[in-house]
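Peer 1: got a predicted structure plus its sequence, pasted below:
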Amino acid sequence: MRIGFLTACFLTSLLVANAQQNYDVNLIPRELLSYASSVIRNSEMNIEVEGLDNVTEHVNVAITVLNENGNENALLYLDYDKSKAIRFVKGSVYNAFGKQISKFSSADFIEQNEWDGFSLFNGTRIKYYRPSETEYPYTIVYEYETRSRQSLGLPDWDPVPHFGEAVEKSSYKIICRQDFPIKYKENKIPDKAVISVGRDGKKTYSWQVNYLKAVKHEPYSPYPEDFFPGVQVAPQRFAFYGLTGSFNSWKELGKWDYDNLIASRQDLPVETIEKIRDLTKDITDPKLKAKKIYEYMQRKTHYISVQVGIGGWQPFLASDVDQQNYGDCKALVNYTQALLKAVNINSYYCVVTAGRGFKVSMPTDFPSMRGNHIILCIPFKNDTTWADCTSQSIPFGYLGDFTDDRTVLACTPEGGKLMHTPKYAVNDNVESRKASFVIDADGGISGNMITLLKGVNYEDREELVNESTTEQNKILQKIYPINNLEIEHYDLKQDKSFDPSTTESVKLHAKDYASFAGGKYFFMLNPVNRVTEPPRQVTNRRNDVYINRGYTDADEISYTIPPGYRLEKTPLNISIDKPFGKFTATMDMRGDQLIYKRKFQLIDGTYSKDTYADLVDFFQDVVDADAYTVSLVKN
């Protein structure tokens, strides 16, 4: 009864507060409108922890949408599952003058299973409400309350959720018993936490920000979490589906993960163990033995994700995968571990935050339940090897740009430990091309081209593998923007050794590549690998320049030109050397042979924000050089 009474009082106070609030857009401070598509007028998030298995979240938000670009910021999205219930949700919409024009409740929400793009089963349901307003500005005000029976993941606080969104006021509170200590990590928060103890003996942690201007999106910016304000929160002790654990250290968390979610799930049928031992009996090198087992796993299984209840965190039994021939990342790593164990090869189950846009590492100073993917680590004596078990095609030991160069949590019987995945550096990520073309008297072009792809570029032609010739030709016409392009022959070879590479061979022709006018031939010098536009200009840049990944492109093209012609203008010869990149492009005429060489390097790293204008100029010079047109005249 006490909890229900407090909740009722809390809701009443919110309703009174909303009734008193004036949402006239003219009341928004003018300085908050710069770069803003929406403004958070007020946001209150209150988390009350009654116990390890009893967490209530109260949220009250008012957002003014200034234009069409702010519509997505007003989308209200709620998720729930067997451990989390939505107790209520309601809201109202106001016009530009602060007059209420509509109301909505739970019945107005669209409800569906959460779809992550790959899960066969997902126990999480979502409810979302999208305002249908077409007249701007408008204000959406909503309140909701959820109750969770687990404390594994307390909500973090992101007072500025989006680019282009300003904040008048935002606050965050966690209320808990004193025997429920929490840890928190503040980032770019102007005022530190205010900690108090109430008459009931409960401890309250409070944060608030006011009048934060909108942040405009800037190209080549660091990971947003690095410069947006926020607070990460983790309980020192937690409960999850009846299992209790601790966030005191990565070692303790990894131990909990191993003991409760992984251990005792790697038993295999005797027949499978014997098959694996027989498969590898003639191999003495442990790494080659592991490669053989990995390739066996790839041929036998396929990837299907299942995210239901504790199964969202716990792998299938290895014996089930062995029988059913499918599993998600957790299950396939666990299964591969079991296969390796059959021949006494030790391996680690590793939690990683995967993604191609940014390399996100586990924070060394803040243990918490993070990560969205599982990979495998095999700690050979002098050669630690990593493997992603979800692909049926990538080479053993290859991670690619999805999980490379980031700190991960290895879960072992001795506890968790942080490890770092290998980095594919600027000289590893290579696209190297050699081509020999002939330009005939009618302006047509024909010839052969061989391209070598290494590092993260190894997968660049993956979409072409196993496609029909017709489909391959369609894709190639997008990769190589040559008008009237026709592919006479195409061949793709993938070397899946420990230094993997892809080799592409193309025989092509295209009519009217060179134009003829006034007794001259004109054609583009670089037909296959061009930078077509520089990053956009940014004034008053706020963020450092961050280049997530470096790479090297090297092209050499020889042209046989129609006899009796020479270059009309000075040959292209450009060389640029910057801390963040290098570019050279040259051409040389020898009789009827024109040799073009191009090398482009982008060097990953973090650079001063003052570097950005120089970066734009650098790319503009590359764009201009790549657009160079050859002019041939009669001798």
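Peer 2: Now that the structure is in, tell me what you want to look at. Residues are numbered from 1 along each chain as shown.
Peer 1: all helices for the stretch 1-150 of the chain, in order.
Peer 2: 2-20 (DSSP state H, counting those that start in this stretch).
Peer 1: swap in the stretch 151-300 of the chain?
Peer 2: 224-227, 250-257, 270-279, 286-300.
Peer 1: mean neighbour count, those helices: which tops it?
Peer 2: helix 250-257 (a mean of 21; mean count of other C-beta atoms under 10 Å). For glycine as for every other residue, the C-beta is placed from the backbone atoms N, C-alpha and C.
Peer 1: give the rounded mean pLDDT of it.
Peer 2: Mean pLDDT, helix 250-257: 94.
Peer 1: can you put the helices of the stretch 151-300 of the chain in JSON lines and add distance to residue 109?
Peer 2: Shown next, in JSON lines, are the helices of the stretch 151-300 of the chain (distance: least, C-beta to C-beta, whole Å):
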{"stretch": "helix 224-227", "distance to residue 109": "28"}
{"stretch": "helix 250-257", "distance to residue 109": "34"}
{"stretch": "helix 270-279", "distance to residue 109": "47"}
{"stretch": "helix 286-300", "distance to residue 109": "42"}
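Peer 1: distance of the nearest residue to residue 263 once chain neighbours are set aside from residue 261?
Peer 2: Excluding the flanking residues, the one nearest residue 263 by C-beta to C-beta, 6 or more residues apart in numbering is residue 413, at 7.3 Å. Going from residue 413 to residue 261 by C-beta to C-beta, to the nearest Å gives 13 Å.
Peer 1: what's the burial count for residue 407?
Peer 2: Residues near residue 407, counting by other C-beta atoms under 10 Å, number 17.
Peer 1: residues in contact with it?
Peer 2: By C-beta atoms under 8 Å, 6 or more residues apart in numbering, the residues touching residue 407 are 361-362, 364, 418-420.
Peer 1: the more surrounded of residue 413 and residue 261?
Peer 2: Set side by side, residue 413 and residue 261 show more neighbours around residue 261, with 19 against 11, by other C-beta under 10 Å.
Peer 1: local confidence estimate at that one?
Peer 2: On the pLDDT scale, residue 261 gets 90.
Peer 1: isn't it right up against residue 314?
Peer 2: Yes: taking contacts as C-beta atoms under 8 Å, residue 261 lies within contact range of residue 314: 4.4 Å.
Peer 1: look up how far residue 149 lies from the residue nearest to residue 263.
Peer 2: In terms of C-beta to C-beta, residue 413 sits 29 Å off from residue 149.
Peer 1: with residue 79 instead?
Peer 2: For residue 79 relative to residue 149 (C-beta to C-beta), the value is 15 Å.
Peer 1: related to what we said a few turns ago, for the contacts of residue 407, which one is nearest residue 578?
Peer 2: residue 361 (27.0 Å; C-beta to C-beta).
Peer 1: could you list the domains of the chain?
Peer 2: For the chain, automatic domain parsing gives the domain ranges 2-113+120-244, 249-420, 430-634.
Peer 1: most tightly surrounded among these?
Peer 2: It is domain 249-420: most buried of the domains of the chain by mean count of other C-beta under 10 Å, with a mean of 18.
Peer 1: and that domain, how far apart are its ends?
Peer 2: End-to-end distance of domain 249-420 (C-alpha to C-alpha, to the nearest Å): 17 Å.
Peer 1: pLDDT weak spots in this protein?
Peer 2: Applying pLDDT under 70 to the chain flags the ranges 1-20, 113-124, 305-312.
Peer 1: select the longest strand from it.
Peer 2: Taking DSSP state E as the criterion, the chain has its longest strand at strand 38-51.
Peer 1: so what secondary structure elements neighbour that one?
Peer 2: When contacts are defined as 3 or more C-beta pairs under 8 Å, 6 or more residues apart in numbering; DSSP states H and E, strand 38-51 sits against helix 2-20, strand 54-65, strand 165-176.
Peer 1: if you set the cut-off to 10 Å instead, what comes out?
Peer 2: helix 2-20, strand 54-65, strand 138-148, strand 165-176, strand 203-212 (3 or more C-beta pairs under 10 Å, 6 or more residues apart in numbering; DSSP states H and E).
Peer 1: run me through the strand neighbours of that strand, direction for each.
Peer 2: Counting by DSSP bridges, the strands paired with strand 38-51 are strand 54-65 (antiparallel), strand 165-176 (parallel).
Peer 1: any idea which of those strands gets closest to residue 186?
Peer 2: Here strand 165-176 is closest among these (C-beta to C-beta), at 10.9 Å.
Peer 1: what angle separates that closest one from strand 203-212?
Peer 2: Orientation of strand 165-176 against strand 203-212 (axes from the mean of the first three to the mean of the last three C-alpha atoms, to 10 degrees) gives an angle of 170 degrees.
Peer 1: just the CA trace of strand 165-176, in CSV.
Peer 2: Presented in CSV, the C-alpha positions along strand 165-176 are these (Å, rounded to 0.1, in the frame of the first residue of the first chain):
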residue,chain,number,x,y,z
GLU,A,165,18.6,19.2,-29.7
ALA,A,166,18.9,21.9,-27.0
VAL,A,167,18.0,21.5,-23.3
GLU,A,168,16.3,24.0,-21.0
LYS,A,169,16.3,21.6,-18.1
SER,A,170,17.0,18.0,-17.5
SER,A,171,17.4,16.1,-14.2
TYR,A,172,18.2,12.6,-13.0
LYS,A,173,17.8,10.9,-9.7
ILE,A,174,18.5,7.6,-8.2
ILE,A,175,16.9,6.7,-4.9
CYS,A,176,18.0,3.6,-3.1
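Peer 1: residue 562 is in contact with residue 443, correct?
Peer 2: Yes: counting by C-beta atoms under 10 Å, residue 443 touches residue 562, with 9.0 Å between them.
Peer 1: mutual contacts of these two, please.
Peer 2: 514, 516, 521 (C-beta atoms under 10 Å, 6 or more residues apart in numbering).
Peer 1: about what we covered before: mutual contacts of residue 261 and residue 314, please.
Peer 2: 243, 330, 334.
Peer 1: against residue 467, how distant is the closest residue to residue 462 other than its chain neighbours?
Peer 2: Excluding the flanking residues, the one nearest residue 462 by C-beta to C-beta, 6+ apart is residue 393, at 7.1 Å. Distance check for residue 393 against residue 467: by C-beta to C-beta, it reads 13 Å.
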